[in-house]
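A.B. asks: need coordinates for the below:
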Amino acid sequence: MIYMETQRLRLRDWEENDFAIFCEMNTDEEVMEYFPKTLTAEESLHFNQAIQAELKECGFGLFAVEEKEQNEFIGFIGFHKASFEADFTPCVEIGWRLKREAWGKGFATEGARACLHYGFTELGFEEVYSFTSEINEPSQNVMKKIGLEFKQFFEHPKLSLDSPLRKHVLFHIHRDDLLERRV
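C.D. replies: Residues are numbered from 1 along each chain as shown. Now for the predicted structure:
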């Protein structure tokens with residue numbers, strides 16, 4: 001199923017042939033720079049199964065992203081129900097991960113904007129959050145470009161106390177804010 005299309009992207013259900021690129025992406029040290037570690041093939045399989053389960057259960061999740069011109073899987077963009085212990089959870093989070101060759105082309109921004117619109121107009125979300133490590137400036141730039149605003153710093157409870165990734169930034173947008181700007 002195709003959930004949405006932009007000028008250059010198709011956000012859709014996952015296909016069997018996406019998995020090899022997904023695994024490759026998760027082993028790329030540059031792609032995974034702001035995550036605790038790269039993923040093994042087995043860990044990628046479990047992650048993909050969790051993505052599939054959330055899509056089936058919720059009707060939304062981390063959608064496979066395909067570049068229309070090449071008809072090629074380039075990563076994922078979409079939503080996740082964040083439930084770790086924090087003062088803003090449970091919440092709907094928007095996130096993305098693209099293979100390195102897709103970077104610098106505006107795909108994350110283009111796809112995330114479409115997702116936000118879809119989430120607010122089709123899925124009925126009231127608000128959406130996004131978060132990343134404080135040192136992940138590229139993702140923070142995407143968050144700002146799609147209209148999210150900085151809300152607070154927090155210590156990610158799933159990361160070790162000595163991790164350089166533990167200090168996180170939280171961004172947020174309310175449905176009314178996005179829809180007002182689109183008018």
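
A.B. asks: every contact and neighbour count from this point should use C-alpha atoms.
C.D. replies: Will do.

A.B. asks: where exactly do the strands run in the chain?
C.D. replies: Ranges of strands in the chain, per DSSP state E, are 2-5, 9-12, 62-67, 72-82, 91-98, 127-133, 149-155, 167-174.

A.B. asks: mind checking which of those is nearest Leu39?
C.D. replies: Closest approach to Leu39 among the strands of the chain is made by strand 91-98 (13.2 Å; C-alpha to C-alpha).

A.B. asks: can you report how many residues neighbour Glu93?
C.D. replies: 21 (other C-alpha atoms under 10 Å).

A.B. asks: swap in Leu45?
C.D. replies: 15.

A.B. asks: show me what Arg12 bridges to in the sheet.
C.D. replies: Listed beta-bridge partners, Arg12: Ile2, Ala64 (assigned using DSSP bridges).

A.B. asks: surely it and Asp18 touch.
C.D. replies: No - when contacts are counted by C-alpha atoms under 8 Å, Arg12 is not listed as touching Asp18 (11.2 Å).

A.B. asks: with adjacent residues omitted, what lies nearest to Glu67?
C.D. replies: Counting by C-alpha to C-alpha, 6 or more residues apart in numbering, Glu67 lies nearest to Leu9, which is 4.8 Å off, once chain neighbours are set aside.

A.B. asks: ok, that neighbour - contacts?
C.D. replies: Counting by C-alpha atoms under 8 Å, 6 or more residues apart in numbering, Leu9 makes contact with Val65, Glu66, Glu67, Lys68, Phe107, Gly111.

A.B. asks: which residues sit against the lengthiest helix in the chain?
C.D. replies: The residue-count maximum for a helix in the chain (DSSP state H) belongs to helix 41-58. Applying C-alpha under 8 Å, 6+ apart, the contact partners of helix 41-58 are Trp14, Phe22, Cys23, Asn26, Phe60, Gly61, Leu62, His80.

A.B. asks: go on, stretch 22-30?
C.D. replies: With C-alpha under 8 Å, 6+ apart as the test, stretch 22-30 has contacts from Val31, Met32, Thr38, Leu39, Thr40, Ala41, Ser44, Leu45, Gly75, Leu98, Lys99, Arg100.

A.B. asks: alright, calling it a day.
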